[in-house]
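take this sequence and fold it.
(chains A, B and C)
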Amino acid sequence: MKNKKAITILFTILVSVLLLAACSGSDDADSSSGDEKTIEFMHLWPEGSSAQHNKIVSEIISDFESEHEDVKIELEVLSNEQYKDKLKVLSTSNELPDVGMTWAAGFLEPYVDGEMFAPLDDLLEGDLNDSFVSGTAEAYAIDGSTYGLPLELNIATVFYNKAIFDEYGLEAPETLEELENVVTTLKDNGVAPIALGNKDRWTGSLWYMYLADRIGGGDVLTNAINRSGSFEGPALVSAAEEVQNLVDMDAFVQGFNGLSDEEAKSMFMNEQAAMYLIATWDLPNYTTNEDVPQEFRDSVEYFNFPTVDGQGDMDSFVGGPGVGLFVAEDSDVKEEAKEFVSYFVQQWGEKSVTEAGVIPATKVDAESLDLPQMYVDVLDDLNQASNITLFADVQMSADVAQVHLDMIQALFGNEVSPEEFAEKHEEALSAE
Amino acid sequence: MGLNVMNKVMSNKWIIALYVLPALLLIGVLIFIPLILTGYYGLMEWDGIGAMEYIGLENYINAIQDAKFWDSALHSFLLALFSTLSLIVYLAISLILASKIKGADLLRKIYLIPMLLSSVAIAQLWIKVFNPTNGMLNSFLVAIGFENPPAWLAEPSVVLYAIFIPILWQYAGFYILIYYAALKNIPESLVEAAKIDGATPLQIALKIKMPLIMGVIKVTVVLAVVGSLKYFDLIYVMTGGGPNGASEVMASYMYKLAFSSNDFGYGSAIGFLLLIITLIVTVIVRKATATKEEIQY
Amino acid sequence: MGRIGYFFLYLCLAIVAVFQIFPIIWLFMFSLKDNQEIFSGSPFALPSEFRWENYAKVWEGGIGLYFWNSIWITGIAIILTVLLASMATFVITRMQWKLSKLVLGLFMVGLMIPIHSAIIPLFSMFLNVNLIDNPWSIVITYTAYNLPITMMILLGFYYTLPREIEEAAIIDGCSVHRMFFRIILPMTTPVMSTTVIINMIYNWNEFVFVNTFISSDKFKTLTVGIQNFIGQYMTDWGAIGATLIISVLPILLAFLFFSNKVVEGISSSAVKG
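Next up, the predicted model:
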């Protein structure tokens, strides 16, 4: 008898667990009762790793909520990779948050095609008129409408350890030949020349993109991607050749294809490698980050990517806007969400550069702010930039980007010839 | 009369249903429906964002002709092979630990500790072991006189085998635990009887203990094969399947297609094929290891 | 085997033991370093300065709540899994019915599904029944996804149980329920403990499902706490190490407890019932 009871109890528990589960799920549905509206907002700056970003976001949210008493912001914070995966899962069920973060061009496109993101043109023509650095918001435009408002703007430059350079009497190179000489000198003295973490693949892509830019001009890669040009054109093939030249002369740290960008960065920051090509999101490490030894920060400088055989414009950059805000097309609180996005972008600009060391995509008056010299220099460069080519893997659609990234790894690993490298790109792009 | 009652009681349909249905219901809803849906998505052209479009078997046909898929399948098979072979080592360790040597209890607990760590920790540890310049492995190799040790995770020809090591190591505790429990389940009397007959410890291990836990060994072979064929974690964290696909396995390839390439339909087709392949291999393994009847004591 | 033989045996066992204990010591060192030291220094090395602030940082990040969620979600899922798996395995291996082989086959197929192809269908299913952002969705998912492997492990043991015990019980007029709960379950304590350990490790370290199905901070688990330190461009590895150490302690204790149960064989608990 006792055991019958046990069974009955067991099943009662099981059934009630399931019922409880099913019922308690409806909690959030009625949370927006009354006049209060809830905007769900997802971002990718967790408190633990991005304390300053996280703090600014919280400040903006609480300011916004105090100015709009009937609106509440509900936050979900995820790390970068998890954010991308979750956004993907949410979109399959058409459950995107009201406001979230997106990347430009290739990432954005399927969401726009699927009518998931709301056009934000009215904001750009209204409150945010002329507030973005030119070329940034445009990266989020498809067929004349803009679907995301960028928060950061980054350009890639070569950071180098001046102390190491001085020790061997080296100067920041201005041509590829000079760069190669620097590499040879460093190697002869047993110093690893360039830190590269090509497990992440976009890191190697930066090198290829710059070589392409210098050899073939600022639009050669963009044209090949938008099909008005070809990867099999001479400039893009010889850029691939130059990559392999650098690899053959051991310019990059040993085993770079198996290292993450983070490991490569740490080699540079521990003075185990003299140069490191990365985008300006890393500036805090070389300026304001107190966790990095002062001595190291003082010895880091940067140079613009050198010219190749007298060709190329050193004011032309690889880079582009990073994350931007989107508003979901299906949002129940679209108007409020748009207002929040607009408010966010306006508040973000100055705060982000002074407090988190982000170079914002909105125009800031550098003169009026107290910034480290390296920031002033980068902002100057940005002002003088003749061209910014958007990161190749961002420009491309997702599946072509995967081919590009795999091919970059193969090219750097000498597994494919420059011709095969070009051919694979052509195949992938024409299959679109 | 005993056997009749026995048969009657032990084939009571109500009891059978009561005991098996809750579990069946759970896996039916939470595993089989997603599984069928995966097969179904495989028939679609779908980026996971916009509308789906039915394209019949195109994804499956493409997958069968996809060299990258078969490369990744080969890597998964190799992992399955090595996992199965490594069971011999784990079995040997378990036999030693389960025999009455001094300190066996402490050793057993120590041996199982790495199993508790999450993949995040294990990946970090082995990334450090394999680091080409200041990693533990290469520092050691240089110290004993190797001039140019390989960059383990960067060389396409060695990366796959290099990454197998942490995977096999990660699961050592799992199998040792199972074998140990099985060996401890063997009645003392059988071992004692053999000892009285003058059997050496090695004979007891091979002739008495091994056959008695054969059922468990077979199960672990299936677990090793299935687990390897759908393995994902460390591969994804440590190499991302690279360089250029040299360490790609079926599950990481599927993940990349569905989540990175926005090709959810094709990714689902690969996921479904992964399942079919695993199923076929499992049936073959079961058939190959089948005996007439499981042993009872 | 002589003295020398034993000496070498112990030598080998000890070397393996050092290898196996090293990771946890390494992890502890790791948790007291900063990124610079983690990446450049020797992994064996003591931290130049013991950065206990990594632990403080983790604690302030609200790990307490994650901790509690991990414990109850893991605990309930383990109980459900082991109990349901034992019941199903018992019926499949010990009772006579036609479909037993087929049902066993179904559970084995359940072993084979890759979780990444399951999460999108699961998400939309949970969404339909309003189970998204509800910890019970995690509990039942863990239960279902661990049932097959738990059953496989139990299976080998159930096959070896002596028939005589059942016969004796039934002839004494014992019901099947009584037999299962009072005789069979206690007899399988060692293997159940094994499956408890395995389930515990799986559930405790799982994060794909939690990340996908849970969005409120109040329901997240420890593995998500780790994500807190992974940044867009920078990751705080020291803090991750501290989180990992904090999260490994409870399962280490639970493991030591259950691993003693693995040894308590038939002799101690069973047959008396």
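
and stretch C:245-257 with chain A, contact?
No. Using Cβ under 8 Å from any Cβ of the partner chain, stretch C:245-257 never reaches chain A; the gap is at least 13.4 Å. For glycine as for every other residue, the C-beta is placed from the backbone atoms N, C-alpha and C.

then that stretch to PDB, C-alphas only?
Output of stretch C:245-257 as PDB, limited to C-alpha atoms (Å, rounded to 0.1, in the frame of the first residue of the first chain):
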ATOM      1  CA  ILE C 245      36.700  27.500  -9.100                       C
ATOM      2  CA  ILE C 246      33.600  28.600  -7.200                       C
ATOM      3  CA  SER C 247      31.400  26.500  -9.400                       C
ATOM      4  CA  VAL C 248      33.600  23.400  -9.200                       C
ATOM      5  CA  LEU C 249      33.600  23.300  -5.400                       C
ATOM      6  CA  PRO C 250      30.000  22.100  -4.800                       C
ATOM      7  CA  ILE C 251      30.200  19.400  -7.400                       C
ATOM      8  CA  LEU C 252      33.500  18.300  -6.100                       C
ATOM      9  CA  LEU C 253      31.900  17.800  -2.600                       C
ATOM     10  CA  ALA C 254      28.900  16.100  -4.100                       C
ATOM     11  CA  PHE C 255      31.200  14.000  -6.200                       C
ATOM     12  CA  LEU C 256      33.200  12.800  -3.200                       C
ATOM     13  CA  PHE C 257      29.900  11.900  -1.500                       C
END
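
what comes up buried for it?
C:Ile245, C:Ile246, C:Ser247, C:Val248, C:Pro250, C:Ile251, C:Leu252, C:Ala254, C:Phe255 (16 or more other Cβ atoms under 10 Å in any protein chain shown).

what's the spacing between the spatially closest residue to B:Leu223 that is not a sequence neighbour and C:Tyr145?
If the residues on either side of it in the chain are set aside, B:Leu223 comes closest to C:Met152, at 6.0 Å by Cβ to Cβ, 6 or more residues apart in numbering or on different chains. Going from C:Met152 to C:Tyr145 by Cβ to Cβ, to the nearest Å gives 13 Å.

who's in contact with stretch B:113-126?
Stretch B:113-126 has contacts (Cβ atoms under 8 Å, 6 or more residues apart in numbering or on different chains) with B:165-166, B:169-174, B:177, B:233-234, B:237-238, C:20-21, C:23-24, C:26-27, C:30, C:43, C:201, C:204-205, C:223, C:226, C:237, C:240, C:244, C:247-248, C:251-252, C:255.

now do the strands in the stretch 51-200 of chain B.
Assigned by DSSP state E, counting those that start in this stretch, the strands in the stretch 51-200 of chain B fall at B:53-54.

what's near enough to touch the most centrally placed residue in chain A?
Computing the C-alpha centroid of chain A and ranking residues by Cα atoms, centre = their mean puts A:Gly322 first, at 4.1 Å. Counting by Cβ under 8 Å, 6+ apart, A:Gly322 touches A:Trp103, A:Pro150, A:Leu151, A:Glu152, A:Leu153, A:Asn154, A:Trp281, C:Gln232.

ok, B:Asn131 next?
A:Gly255, A:Leu259, A:Glu263, B:Asn138.

run a quick neighbour tally on residue 169.
All of this refers to chain A. Residues lying near A:Gly169 (other Cβ atoms under 10 Å in any protein chain shown) number 7.

ah, I was thinking of chain C
21.

wait, it sits on C:Met179?
Yes. Contact status for C:Ala169 versus C:Met179: in contact at 4.6 Å, counting by Cβ atoms under 8 Å.

show me what contacts the closest residue to A:Gly255 other than its chain neighbours?
Distances taken as Cβ to Cβ, 6+ apart place B:Ala151 nearest to A:Gly255, at 2.6 Å, with adjacent residues excluded. Neighbour list for B:Ala151: A:Gln254, A:Gly255, A:Asn257, A:Gly258, B:Pro132 [criterion: Cβ under 8 Å, 6+ apart].

likewise for C:Leu111?
So C:Leu111 contacts B:Val222, B:Leu223, B:Val226, C:Pro148, C:Ile149, C:Met152 (Cβ under 8 Å, 6+ apart).

the chain: strands as residue ranges?
You didn't say which chain, so I picked chain A. A:37-43, A:71-77, A:99-102, A:141-142, A:145-146, A:149-150, A:153-161, A:192-195, A:273-279, A:300-303, A:316-321, A:324-327, A:387-390 (DSSP state E).

burial count for the closest residue to chain B within the stretch 1-150 of chain A?
With Cβ to the nearest Cβ, the shortest gap between the stretch 1-150 of chain A and chain B falls at A:Gly114, namely 3.2 Å. Using other Cβ under 10 Å, A:Gly114 is surrounded by 16 other residues.

so what's it up against?
Contacts of A:Gly114 (Cβ under 8 Å, 6+ apart): A:Ser91, B:Asp47, B:Ile49, B:Gly50, B:Ala51.

among those residues, which one sits closest to C:Glu49?
A:Ser91 (45.6 Å; Cβ to Cβ).

so the helix or strand where C:Trp59 lies, near chain B or not?
Using DSSP states H and E, C:Trp59 falls within helix C:53-60. No. Helix C:53-60 lies out of reach of chain B by Cβ under 8 Å from any Cβ, never closer than 14.1 Å.

does A:Phe317 really touch A:Asn387, like I thought?
Yes. A:Phe317 is within contact range of A:Asn387, at 7.0 Å (criterion: Cβ under 8 Å).

neighbour count: these two, which is higher?
Neighbours per residue (other Cβ under 10 Å) separate A:Phe317 from A:Asn387, with A:Phe317 holding more: 26 against 15.

re earlier: and the contacts of stretch B:113-126, which are buried?
Buried among these by 16+ other Cβ under 10 Å: B:165-166, B:169-174, B:177, B:233-234, B:237-238, C:20, C:23-24, C:26-27, C:30, C:43, C:201, C:204-205, C:223, C:226, C:237, C:240, C:244, C:247-248, C:251-252, C:255.

okay, now the closest residue to B:Tyr180 other than its chain neighbours: neighbour count?
Nearest residue to B:Tyr180, sequence neighbours excluded (Cβ to Cβ, 6+ apart): B:Ser94, at 4.9 Å. By other Cβ under 10 Å, the residues close to B:Ser94 number 26.

so what's B:Ser94 up against?
B:Tyr175, B:Ile176, B:Tyr179, B:Tyr180, B:Leu183.

swap in 6 Å and give it another go.
B:Ile176, B:Tyr179, B:Tyr180 (Cβ atoms under 6 Å, 6 or more residues apart in numbering or on different chains).

mark which of the contacts of stretch B:113-126 are part of helices, please.
B:165-166, B:169-174, B:177, B:233-234, B:237-238, C:20-21, C:23-24, C:26-27, C:30, C:201, C:204-205, C:223, C:226, C:237, C:240, C:244, C:247-248, C:251-252, C:255 (DSSP state H).
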